[in-house]
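Asker: coords below, sequence missing:
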């Protein structure tokens, strides 16, 4: 497995989430901004950006750790915190089970999801979490 496959696994896990409510936005939709500022982003669009790659020999000599920042965008409106909290529960559950997608994924570790006003778009919030995935590096 390579780091790019880990990113794909994260994207797949989040896009496969069944949401509690479709009010204001359907399912999670991945957007690849390539480090650019987002233009018009709709509810529940998310991006997965590389934060860092670290070697690890704790499990095997081919173990690798890659960290991505997962950011989900929400329109700011009354009771949006409830929607973000419900979605956060689903995201945490999906990332915790990431190892089920591929036998080369050992663990996924993350802290709580932070919510802040978007630095890019007025009237939008960003819910973000860094995700560190330990996996078996192959094909190098």
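Answerer: The structure has been received and is ready for your questions. Fair warning: this is a prediction, and the values are worked out from it, not measured in the lab. Numbers count the residues shown, from 1 in each chain.

Asker: Mind telling me what element residue 87 is part of?
Answerer: Under the criterion of DSSP states H and E, residue 87 resides in helix 80-96.

Asker: how about the residue lying closest to residue 116 once chain neighbours are set aside, what does it touch?
Answerer: Take residue 116 and drop its neighbours on the chain: the residue closest to it by Cβ to Cβ, 6 or more residues apart in numbering is residue 126, 5.7 Å away. Where you see a C-beta, it was placed from the backbone N, CA and C, and this is true even at glycine. Residue 126 makes contact with 71, 72, 73, 74, 115, 116, 117, 118, 119, according to Cβ atoms under 8 Å, 6 or more residues apart in numbering.

Asker: Within the helices and strands, which one has residue 126?
Answerer: Assigned by DSSP H and E, residue 126 falls in strand 124-136.

Asker: Ok, residue 50 next?
Answerer: strand 45-55.

Asker: That strand pairs with which strands?
Answerer: strand 29-30 (parallel), strand 63-75 (antiparallel) (DSSP bridges).

Asker: Can you tell me what sits against it?
Answerer: 3, 7, 10-11, 14, 28-33, 35, 38, 63-73, 130.

Asker: Report the buried members of the residues you listed.
Answerer: 3, 7, 10-11, 14, 28-30, 38, 63-68, 70-73, 130 (16 or more other Cβ atoms under 10 Å).

Asker: What's the local residue count around the nearest residue to residue 80 once chain neighbours are set aside?
Answerer: Spatial nearest neighbour of residue 80, excluding adjacent residues (Cβ to Cβ, 6+ apart): residue 74 at 5.6 Å. Close neighbours of residue 74, defined as other Cβ atoms under 10 Å, add up to 24.
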